[in-house]
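S.K.: quick check, what structure comes out for this input:
(chains A, B, C and D)
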There are 2 protein chains.
Amino acid sequence: MSSRSQAIADTLTRAILDHRLVPGCKLGERELSEIFDVSRIVIRQSLIRLADDGLAQIERNRGAFVAHPSMQDAMEIYDALTLVEQGVAAQLSDRLGPAGWAELRQHVERQRQAVAVGNDALADVLGQEFHTVFVRLSRNKVMQEIHAQLVRRTTLLRSLITADFDYCNLLDDHARVIELLEKGRLKQAMELIDAHHRSVVRGYIMDRQVFPELTPREALEPYLNTKAGEQPKPAPRKEKKESKTRAHAHVHADE
Amino acid sequence: MSSRSQAIADTLTRAILDHRLVPGCKLGERELSEIFDVSRIVIRQSLIRLADDGLAQIERNRGAFVAHPSMQDAMEIYDALTLVEQGVAAQLSDRLGPAGWAELRQHVERQRQAVAVGNDALADVLGQEFHTVFVRLSRNKVMQEIHAQLVRRTTLLRSLITADFDYCNLLDDHARVIELLEKGRLKQAMELIDAHHRSVVRGYIMDRQVFPELTPREALEPYLNTKAGEQPKPAPRKEKKESKTRAHAHVHADE
DNA sequence: AACACAGGATTGGATATCAATCAATAAGAA
DNA sequence: TTCTTATTGATTGATATCCAATCCTGTGTT
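M.R.: Okay, here's the model as predicted:
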């Protein structure tokens, strides 16, 4: 494995993406060093990595915090994501072979089955993964990394919103995008991608204040027991609140 | 000022982009710590930043080196850059106001005058800057940062090639792109951007071996005297070799 | 209540030290 | 001689401890 600081940065990233560490949460060096049982310097390096990735913000002489993007940031991130995925779509419509289209359709089918079975958690994961698979088919590692970073930041954004709008009309967008692209209707596919993301960001209602709910120690505890990189992922999201979701209880946080 | 490690990372970046530190060059912690007169830890943090930016590569227990991208990497970087600039072009063709178009035209005009006067160095800088200005007009900081990183990596790539082909046919591409975009001929503009980059990467002949020519200490010395972030930039590129350039002596490393 | 000040806590950084690993040399066998 | 192996040196990864600068807070004064 690579360096310790990278491993810790990965763990922190996981915790942030799982919404266990919420925006604005203080990431104190001493506290983290005690939690991970490493020196402060290793923590510092991890925090630098997180900051470079846009998930943390370091303020001089004040310390590091989980990034707290503004509404403006959110729109820019989604704009960038749209731009990237549209570009990849354009490339794939030219260059993708039959095996690639098959993989995409297969992925959508797996998600559809997960929904049919009622396994919403799996459906969520597959829904997220679709975009990653999509970009992977471009066979461009640079683009993949850029896209992955943007996806991480959108996942962070979801910590800031009250997911109280209907995602269900987005469920079939993936299949439709594939269909349109295969038919060579690139322009329509790109518009759909744009609408897909735009409808998500329009639903955003960013709560300026976010309650930590979990101390860093509590938030990170599940990731520490299994030292090997297994997937603990107990994912105790703030579903406890009175269900603000309107009609649909199973929210597919696809985007 | 932000942290010391960021300042040093910036200096190292400058040195790499100025081709004073060439791909494969060892970036020893002890050596750099003596050069910058800081502890190894600060250097380590700087190297982490550089690695995250794709300009350095850290190998476990072996140290950091200036990144040495492969031909495959080069193509991927240019593909990504093309994708980003095409996307931005599409956005600008919709959203850019008259002031924006004026700024672009003005920039091209300044470069043209620099060429006319024979100030090739300035023309080079302006040629590089054009793309940055272009993306800045999208008013998307996230996209700007992604683009800037890609540009840095293309600049690094230029350390690896023998610039022995004719850039001159690319000189007016910028003006043509603006013209096409303003006329709403988006598709043609995007194709031109693609061709622009593609013609550059096609000219690449990557020399597997790169002679350091300068030790890190020599390479970094010019940046140290002026402690305040002035621009020393003596840029003693390897122009010393017998001019391999074919017909055109003044190579506009526009891309 | 408003302000100023002092103290504590935290970060940024330096130094010294140690273990682990890699590289290159030196020693030894075929 | 040449190939293999062992030793040594150098460098990295990481820790502990220490110090200065800065920020936050709480108290005391006006």
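
S.K.: all helices of the stretch 51-200 of chain A, in order?
M.R.: Secondary structure of the stretch 51-200 of chain A (DSSP state H, counting those that start in this stretch): helices at A:71-95, A:98-117, A:120-136, A:141-157, A:173-182, A:186-202.

S.K.: looking at the ones you listed, which is closest to DNA strand C?
M.R.: Checking those against DNA strand C by Cβ to the nearest atom of the strand gives helix A:141-157 as the closest, at 20.1 Å. Yep, even glycine has a C-beta here, placed from its N, CA and C like the rest.

S.K.: quick one: average confidence on that closest one?
M.R.: What helix A:141-157 shows for mean pLDDT is 96.

S.K.: how far does that helix sit from its chain's centre?
M.R.: Relative to its parent chain, helix A:141-157 has a centroid offset of 8 Å by Cα atoms, centre = their mean, to the nearest Å.

S.K.: contact partners of it?
M.R.: Residues outside helix A:141-157 that contact it (Cβ atoms under 8 Å, 6 or more residues apart in numbering or on different chains): A:13, A:16-17, A:23, A:53-55, A:66-67, A:69, A:74, A:77-78, A:80-81, A:84-85, A:88, A:128, A:131-132, A:135-136, A:138, A:204, A:255, B:73, B:76-77, B:79-80, B:83, B:142, B:146, B:150, B:153.

S.K.: and the closest residue to residue A:178 other than its chain neighbours, what pLDDT?
M.R.: Among residues not flanking residue A:178 along the chain, residue A:104 sits closest, at 5.0 Å (Cβ to Cβ, 6 or more residues apart in numbering or on different chains). Per-residue confidence for residue A:104 comes out at a pLDDT of 95.

S.K.: likewise residue A:212?
M.R.: Per-residue pLDDT puts residue A:212 at 63.

S.K.: of all residues in the stretch 151-255 of chain A, which one is closest to DNA strand C?
M.R.: As assessed by Cβ to the nearest atom of the strand, DNA strand C sits closest to residue A:216 within the stretch 151-255 of chain A, at 10.8 Å.

S.K.: roughly how far apart are the closest residue to that residue other than its chain neighbours and DNA strand D?
M.R.: Spatial nearest neighbour of residue A:216, excluding adjacent residues (Cβ to Cβ, 6+ apart): residue A:31 at 5.8 Å. Note on residue A:31: its distance to DNA strand D, by Cβ to the nearest atom of the strand, to the nearest Å, is 14 Å.

S.K.: one more: residue A:150?
M.R.: Separation of residue A:150 from DNA strand D (Cβ to the nearest atom of the strand): 28 Å.

S.K.: same deal with residue A:102?
M.R.: In this view, residue A:102 and DNA strand D are 41 Å apart by Cβ to the nearest atom of the strand.

S.K.: pLDDT on stretch A:66-83, on average?
M.R.: Here stretch A:66-83 scores 94 as its mean pLDDT.

S.K.: point out the residues in the stretch 51-200 of chain A that sit beside DNA strand D.
M.R.: Listed as neighbours of DNA strand D in the stretch 51-200 of chain A under the rule Cβ under 7 Å from any atom of the strand: A:60, A:61, A:62.

S.K.: for residue A:36, state which of the residues you listed is nearest.
M.R.: residue A:62 (21.1 Å; Cβ to Cβ).

S.K.: backbone phi and psi for the closest one, please?
M.R.: phi -120, psi -20 (degrees, to the nearest 10).

S.K.: burial measure for the residue lying closest to residue A:140 once chain neighbours are set aside, as a count.
M.R.: Nearest non-adjacent residue to residue A:140, counting by Cβ to Cβ, 6+ apart: residue B:76, 4.7 Å away. Neighbour count for residue B:76, taken as other Cβ atoms under 10 Å in any protein chain shown: 21.

S.K.: looks like residue A:58 contacts residue A:47 (just checking).
M.R.: Yes - here residue A:58 reaches residue A:47: they are 6.3 Å apart, a contact under Cβ atoms under 8 Å.

S.K.: need the residues touching each of those two.
M.R.: residue A:64.

S.K.: ok, back up a step: switch the helices of the stretch 51-200 of chain A over to a markdown table; also include distance to residue B:4.
M.R.: Listed next are the helices of the stretch 51-200 of chain A as a markdown table, based on distance: least, Cβ to Cβ, whole Å:
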| stretch | distance to residue B:4 |
| --- | --- |
| helix A:71-95 | 27 |
| helix A:98-117 | 46 |
| helix A:120-136 | 36 |
| helix A:141-157 | 25 |
| helix A:173-182 | 46 |
| helix A:186-202 | 37 |
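
S.K.: about what we covered before: and the residue nearest to residue A:178, what is it in contact with?
M.R.: Applying Cβ under 8 Å, 6+ apart to residue A:104 gives the contacts A:130, A:133, A:134, A:137, A:178.

S.K.: want to throw those residues into TSV with pLDDT and neighbour count?
M.R.: As requested, the contacts of residue A:104 are exported to TSV (pLDDT from 0 to 100; neighbours: other Cβ atoms under 10 Å in any protein chain shown):
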residue	pLDDT	neighbour count
A:130	93	21
A:133	97	16
A:134	96	23
A:137	97	20
A:178	94	21
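
S.K.: which one of those residues sits closest to DNA strand D?
M.R.: Nearest to DNA strand D among those is residue A:133, at 31.9 Å by Cβ to the nearest atom of the strand.

S.K.: ok, that closest one to chain B distance?
M.R.: Using Cβ to the nearest Cβ, to the nearest Å, we find residue A:133 at a distance of 18 Å from chain B.

S.K.: same question, residue A:101
M.R.: When residue A:101 is compared with chain B (using Cβ to the nearest Cβ), they lie 20 Å apart.

S.K.: burial count for that residue?
M.R.: 16.

S.K.: report the contact partners of it.
M.R.: Taking Cβ under 8 Å, 6+ apart, one finds A:178, A:182 in contact with residue A:101.

S.K.: spit out the contact partners of residue A:177.
M.R.: A:89, A:189, A:192, A:193, A:196.

S.K.: which of those come close to DNA strand C?
M.R.: For DNA strand C, no contacts are drawn from those by Cβ under 7 Å from any atom of the strand.

S.K.: can I get those in TSV including neighbour count?
M.R.: TSV is the format used below for these (neighbours: other Cβ atoms under 10 Å in any protein chain shown):
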residue	neighbour count
A:89	22
A:189	24
A:192	20
A:193	24
A:196	21
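
S.K.: and of these, the nearest to chain B?
M.R.: residue A:89 (10.4 Å; Cβ to the nearest Cβ).

S.K.: for the nearest residue to the closest one once chain neighbours are set aside, give its distance to residue B:109.
M.R.: Closest residue to residue A:89 in three dimensions, ignoring its sequence neighbours and counting by Cβ to Cβ, 6+ apart: residue A:189, at 5.4 Å. According to Cβ to Cβ, to the nearest Å, residue A:189 and residue B:109 sit 38 Å apart.
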